[in-house]
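Student: pasting the structure only:
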C-alpha cells in the first residue's frame, strides 16, 4: 500500500510538473456602465469583471492598471519624461505643469470579489488587490467595482481637447486587469510605452450628452436609437427623451476597449472587397482636410484586402479609423490618428495602425518584452502594403530600405540597445524607436533572406493562423520558420535579438591561376550569417553561390532565381575566412557581389562587391 501511494504521488508530481510547463492564458469578461459629464470631464463607472483562472496555480492577489493616474505631476511617467535624455516633445514637462483640473485619474471606490468586499491599495498606475479567497486553478471569480475618473488634457494617446480639437480620446481609460501568464504578473507602471492585455468579451454602455458622436472598439448594439450614420435608415431613428444618450457597444475576443467622442464627427464607411469587414471613418467635418479623408477610404479598403491575402485574414466584421489622439495608436478593432495630413501621410498612418490589428490585435504579443515584434512586424507589413498602394519609385524594389537605414544609423551612432531589453528600460527614446520599428522590421526582412522567400512567406501566414489569439513569442515564430525551411534557427535570435553584435562581411581578395579563381571572403563582424554571393560572367550569365552557415543545419532553395544556383559547403561559424572556389578564370568574371538583394544587414556594404576590368586577372586587398 505504501509503495502504491509513493508511486501515485510520483505520478501526480510528474503530471503537475509537466502541466506547469504547458502554455495557457487567462480570460476575462467585462461589463461596464459609464456616465460621462462633459462639463467637468469626469465620469463614473460600474464594472463587473469575470476572471477565468486558466493557470495551473491558485491566485491570491490580482492587479489592475489605472493608466490615467500617470497624468499627475510626480508620476513615474512624468519623472521618466523629464529625466530621459531625448524626451518625447508631446510629453516633456507637460504633465508636471498640469493644473489640478487638467490632470487625469482613475480611482476604485468599492471592490468586491464574489460578493465579498476585498482589500485594495492604489499604487499610482497599479491597483493591488488582496483576495479573501484564492481563485483556484481552473476556477473563476467575479469582481464588482465602482470607479471614478477624470480625463486629463490630451498629452499622450489619451485625453481631452486634442491639438486638432477632438473633445475626447478615451484610451487606457478604465480599470484594466493586468495580464498573468507563465512568467507571472505583468503589473508594469505606465510610462507611455507598451501594453499587454487579456483576451475577453466587452459589453460597454457609455452615457453622455446627446450632442456627441461616439466611435470605438466593438459593434454598436443600438444603432436605431443613435443614428449618426450607424442606422440603416436615418429617417427612422428614434432617440430617447432627455439630454443624454447611451451608446451600447459589444466586442468579442479583444484585449482592450477604446473610444472617442466629438460633436463634429462625420461618419463614413466602406466595405472591404472579398471580406465581411466594413471600415468606418470618423473625422471632423468642414475642415480643409475633409476631402482627403474621402480619398483615404478606397485606399484603406484596398490595403485591408492586400493584408488579408498576405498576412492572414482580419477576423472581425468592423474596423474604425478615428480622428483623435496625438499621432497614431492602435487598439482592437480601431485606431486613433491625427487627421490634418496629406493623403500619403494619412494613408500611411492608417495602414500602419490597421496592420497592428494583425500583430497587436490578433496575435497579441506581450508588447513590453516583444514590442519589436509588434511594431517591427507591423512596420514590415506597412512597408509592403504602402509599396503596393503607391508603387513607390524610391523603394528601388525594396520596400524595407528605410528600415535598414534607420538600423544602420543607430549602430553608427553607437546608441543601439539589444532587442531583448524591456520596452520601459531603454536609455533613450531614439534607441527604443529604432529597435522597435527599424530593427524589428529588419529582423523579418533579413529572416526572409536566411530561409528563402517561399519558406518565409508560407511560414509567416502559418504563424498568424497558428498563433492568433494565443500570445506567441519570438521562439514560436522561429519554430514555424524552421518547419517550413528545414533549418535550425535558434542562433538567429541568440545574436540578432539577444545582443547588439553586428554583421559585416567583405570580399578580401581574389586569386586566379588562369583556369580557376578563388575569392576570399572575410567575416569582420561578430554575427555570423549565411551568404549569397552572385557572380556575373563576361557572357552576361549570372550564378548565385549560397554558403550555408553550419549551425543552420540546412540550406535555402533557389526560390525562383533566374540564373544558376549552387549550394556550397557550410561556413563554420568560428572561422573568419571562407574561400569561394569558382570554376572560371578571372578574365571571364566581370563582377562578384555579396547579397545583391540588400536584405543582409551588413553595416558596411562598401566592400561587398568587386568589379573586374577585362584585363584584370589578379586582385588582392590587404583588409
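Tutor: Happy to help now that I have it. This is a predicted model, so every value here is computed, not measured.
Student: buried set for the host helix or strand of residue 201?
Tutor: Element membership for residue 201, per DSSP states H and E: strand 200-209. Neighbour-count burial for strand 200-209, counted by 16 or more other Cβ atoms under 10 Å, picks out 200-208. All C-beta spots, glycine's among them, are computed from the backbone N, C-alpha and C.
Student: Then stretch 75-83?
Tutor: Buried residues in stretch 75-83 (16+ other Cβ under 10 Å): 75-78, 80-81.
Student: So for residue 184, what's the pLDDT?
Tutor: Residue 184 is assigned 96 on the pLDDT scale.
Student: Tell me how far residue 520 lies from residue 152.
Tutor: With distances taken as Cβ to Cβ, to the nearest Å, residue 520 is found 62 Å from residue 152.
Student: of those two, who's got more company?
Tutor: Per other Cβ atoms under 10 Å, whichever of residue 520 and residue 152 has more neighbours is residue 152, with 25 against 17.
Student: burial of the residue lying closest to residue 193 once chain neighbours are set aside, as a residue count?
Tutor: Spatial nearest neighbour of residue 193, chain neighbours left out: residue 423 (4.5 Å); criterion: Cβ to Cβ, 6 or more residues apart in numbering. If you count neighbours by other Cβ under 10 Å, residue 423 ends up with 23.
Student: Residue 61 too?
Tutor: Neighbour number of residue 61 under other Cβ under 10 Å is 15.
Student: for the chain, longest helix please?
Tutor: The residue-count maximum for a helix in the chain (DSSP state H) belongs to helix 367-390.
Student: so who does residue 131 touch?
Tutor: By Cβ atoms under 8 Å, 6 or more residues apart in numbering, residue 131 lies in contact with 59-62, 113, 118, 141.
Student: how about CSV for the residues you listed, with distance to residue 485, pLDDT and secondary structure added?
Tutor: Output for these, formatted as CSV (distance: Cβ to Cβ, whole Å; pLDDT from 0 to 100; DSSP: H, G, I helix; E, B strand; the rest coil):
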residue, distance to residue 485, pLDDT, secondary structure
59, 40, 98, strand
60, 44, 98, strand
61, 43, 98, strand
62, 42, 98, strand
113, 48, 98, strand
118, 51, 98, coil
141, 44, 98, strand
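Student: Mind giving me the ChimeraX command for buried ones among those?
Tutor: Applying 16+ other Cβ under 10 Å to these, the buried members can be selected in ChimeraX as follows:
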select :59,62,113,118,141
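Student: any chance of the contacts of residue 131 in CSV, plus distance to residue 214?
Tutor: Listed next are the contacts of residue 131 as CSV, based on distance: Cβ to Cβ, whole Å:
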residue, distance to residue 214
59, 35
60, 38
61, 35
62, 30
113, 31
118, 32
141, 31
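Student: from the contacts of residue 131, which is closest to residue 404?
Tutor: Closest approach between the contacts of residue 131 and residue 404, by Cβ to Cβ: residue 62, at 43.5 Å.
Student: Report the beta-bridge partner residues of the closest residue to that closest one other than its chain neighbours.
Tutor: Excluding its sequence neighbours, the residue lying closest to residue 62 (Cβ to Cβ, 6+ apart) is residue 129, at 4.8 Å. On the basis of DSSP bridges, residue 129 is bridged to residue 62, residue 120.
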